[in-house]
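Trainee: Sequence and predicted structure, then a few things I'm wondering about:
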Amino acid sequence: MKGLEIIINEQGITLNDTIDVGHKIACKSINKGDKVIKYGVAIGSAMADIMQGEHVHLTNLQSDYIDSHTRTGVNSQSKILHSILGKQT
């Protein structure tokens with residue numbers, strides 16, 4: 001819920017957005033281009049500045065590894081799969 005204060009690593013963080021269960025929250029401010037870390041592993045780069053407490057999602061996070069985690073990547077991956085299977089898209 002927007003405005004809710006949560007405690008992570010003994011630090012109070014106020015949520016800037018309503019964030020669904022299972023979604024990512026910025027525990028600290030992240031600058032555009034910085035790596036985004038989840039469970040100690042880089043999962044991509046920030047496409048824009050992300051403020052502490054902000055929702056981290058497809059709108060501000062880019063996968064550095066595969067394009068299937070982008071809206072355009074899903075379509076291109078689907079076309080590749082369909083071409084392999086001999087189906088039209």
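Mentor: All right, it came through fine. Numbers count the residues shown, from 1 in each chain.

Trainee: pLDDT of stretch 31-41, averaged?
Mentor: Averaging the model's pLDDT scores along stretch 31-41 yields 93.

Trainee: Lys35 pairs with what?
Mentor: With DSSP bridges applied, Lys35 shows beta-bridge pairing to Ser45.

Trainee: Do I have it right that it meets Ile50?
Mentor: No - Lys35 lies out of contact with Ile50 (CB atoms under 8 Å); the separation is 11.8 Å. To be clear about C-beta, it is placed using only N, CA and C from the backbone, and glycine gets the same treatment.

Trainee: Please say which of these two ends up with more neighbours.
Mentor: Ile50 (25 against 12; other CB atoms under 10 Å).

Trainee: What residues does the more buried one make contact with?
Mentor: Residues in contact with Ile50 (CB atoms under 8 Å, 6 or more residues apart in numbering) are 26, 29-30, 36, 56, 60.
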